[in-house]
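Novice: could you look at this predicted model? Sequence included:
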Amino acid sequence: MLNVKKKLVIGLIFLLSLVSIIPQANASQLKFSVEPVIPENQKDTSHSYFDLTMKPSEKQTLKIHMRNDTDNEVTVLPSVHAATTNINGVVEYGESNTKLDKTSKYNIEEIVKPAVDEVKIPANGSTDLELMIEMPKDGFDGILAGGITLKEKEDTAETKKEKTQQGLAIENKYAYVVAVVLQETDVKIDSELKLNKVEPNQVNARNVINATLQNTQAKYMNQLSVDTKITKKGESDVLYSSKKEEMQMAPNTSFAYPVSLNGEKLKAGDYTLSMTAKSMGETWKFKKDFTIKADVAKAFNEKDVTVKKDYTWIYILVGILLILLALLLIWFIIRKKKKEKEKKEAQKRRKANRKKRAKKVNLEEDNN
C-alpha cells in the first residue's frame with residue numbers, strides 16, 4: 001500500500017472556505033484534535049492509522065482519543081465509509097456518494113460502527129470515541145479499507161442566523177479522517193484490472209471521454225499508469241490521447257478515468273479507445289469501441305465552457321435580414337421616385353391641358 005503505508009492518513013479535509021465581512025476576522029480552525037489509540041493487533045505500531053489483523057467472527061473495540069482545547073463544548077459526529085478512488089486516481093477515505101463496488105464481498109461500514117451517533121467533548125477536556133468491530137463469520141483473503149470521519153456537528157438554524165447577523169456569512173467546516181485497514185491473512189492475491197464502459201461526459205464543464213477502470217480484487221493497486229488513445233473506429237489517426245502515472249486504486253473500487261478533448265467539440269460517430277495500463281510489473285491492454293450519439297454530443301457541447309460556439313447560422317440569418325432590408329429600402333426608394341415621376345408627369349399633363357383649354361377659349365373669343 002504505497003500511499004497508505006507511507007503517509008499518515010489522519011487527513012484534515014477542508015470542506016468550505018470562510019467568507020467574512022469583518023476584515024480582521026481570522027479563519028476558524030478545528031475545535032478539537034484526535035489521536036487513534038493503537039491496539040495490540042496493529043500490524044505496524046509506527047503507523048498512525050488502524051492497520052489491523054483480525055480473525056473471522058472476531059469482535060474488537062477501537063478507541064480514538066479526542067481533545068477539546070476551547071472554552072465551549074464541542075459535539076462531534078462520527079461515521080465510517082468505505083475507501084474509494086477519485087477521478088485523479090487517488091484513494092479517499094472520507095465521505096463519498098460512490099456506491100459500493102459489486103466486486104466487494106463485504107462493506108466495511110457494516111463491520112466497523114461507532115458506538116454512539118455523536119460525541120460531546122467538554123470544554124478544555126477530552127473523551128474517547130469507541131468503535132465496534134465485528135468481523136464476518138466467513139474468512140476472507142485480501143484487504144478491507146475505509147475511513148472514520150470525525151466532523152463537528154453543524155450549528156442549528158438559530159445559531160447560523162446569529163452568526164450571519166454578526167457578519168459571518170459562511171463558516172469553515174473541517175473533518176478528520178482516520179483510515180482503517182482490516183485483513184485476516186497474508187495470502188497473496190493476483191491483481192486484476194478491467195475496463196468497463198467508455199462514454200462521453202464532462203469534468204468541470206469540459207468535455208471528456210470517461211474510461212471506467214475497475215480493480216476487482218481486495219488489494220490496493222499501486223503505481224498505476226495508463227496510456228490512452230482514441231481513434232475513429234477502423235482508423236489509425238489518434239484524435240485524443242492521455243497519459244498518467246503514479247495513480248492508486250483502493251481495493252474493490254472503480255473510477256472513471258477522463259480523457260480530455262482539449263476544448264474540442266464532441267462529434268457524433270463510432271470510436272475506439274485503446275489503453276495500456278501498468279501496475280507493479282503487470283500490464284493490461286484494452287480496446288473498446290463506443291458510440292457518441294448526436295443528441296448527447298449536442299447537449300454536452302452546449303454546456304462545455306471551453307468549446308467555441310458556432311454562430312454561423314446567426315450570421316447567415318442576420319445577413320439575410322440585412323439583404324431583405326436593403327431590398328425593401330431599394331423598393332421604397334424606387335417606388336417613391338416612380339410616384340414622384342408620375343406626379344410630375346400628371347402635373348405636366350394638367351398644365352398642358354390647361355394651356356390647351358386656354359388656347360381654345362382664346363380662339364373662340366377671336367372668332368366671335
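Specialist: Done, it's in.

Novice: go through this structure and flag its longest helix.
Specialist: helix 312-367 (DSSP state H).

Novice: just the helices in the stretch 1-150 of the chain please.
Specialist: Using DSSP state H, counting those that start in this stretch, the helices of the stretch 1-150 of the chain run over residues 2-6, 108-111.

Novice: lowest average pLDDT across these?
Specialist: Lowest mean pLDDT of the helices of the stretch 1-150 of the chain: helix 2-6, a mean of 40.

Novice: show me the protein divided up by domain.
Specialist: 2-183, 193-310 (automatic domain parsing).

Novice: do you know which of those lies nearest A326?
Specialist: Closest approach to A326 among the domains of the chain (C-beta to C-beta): domain 193-310, 25.7 Å. The way it works is simple: take the backbone N, C-alpha and C, and place the C-beta from them, glycine included.

Novice: what distance separates the closest one from the centre of its chain?
Specialist: What separates the centre of domain 193-310 from the centre of its chain is 15 Å, taken as C-alpha atoms, centre = their mean, to the nearest Å.

Novice: okay, and for the stretch 251-368 of the chain, where does confidence drop off?
Specialist: 307-311, 360-368 (pLDDT under 70).

Novice: then stretch 281-290 to CSV, C-alphas only?
Specialist: Coordinates of the C-alpha atoms in stretch 281-290 are reproduced here as CSV (Å, rounded to 0.1, in the frame of the first residue of the first chain):
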residue,chain,number,x,y,z
GLY,A,281,5.2,-5.1,-13.2
GLU,A,282,1.9,-6.2,-14.6
THR,A,283,0.4,-5.0,-17.8
TRP,A,284,-3.1,-4.9,-19.2
LYS,A,285,-4.1,-3.9,-22.8
PHE,A,286,-7.6,-2.9,-23.5
LYS,A,287,-9.5,-1.9,-26.7
LYS,A,288,-13.2,-0.9,-26.6
ASP,A,289,-15.5,0.5,-29.3
PHE,A,290,-18.0,3.2,-28.3
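
Novice: which outside residues touch it?
Specialist: Stretch 281-290 has contacts (C-beta atoms under 8 Å, 6 or more residues apart in numbering) with 191, 193, 195, 197-199, 209, 211, 233, 270-278.

Novice: let me see the contact set for V112.
Specialist: Taking C-beta under 8 Å, 6+ apart, one finds 62, 80, 131-133, 146, 148, 180, 182 in contact with V112.

Novice: state the distance from it to A277.
Specialist: Distance of V112 to A277, given as C-beta to C-beta, to the nearest Å: 31 Å.

Novice: quick check: phi and psi on D117?
Specialist: Phi and psi for D117, reported as degrees, to the nearest 10, are phi -80, psi -30.

Novice: re earlier: the longest helix of the chain packs against which elements?
Specialist: Helices and strands touching helix 312-367, by 3 or more C-beta pairs under 8 Å, 6 or more residues apart in numbering; DSSP states H and E: there are none.

Novice: that's all I had, so thanks and see you.
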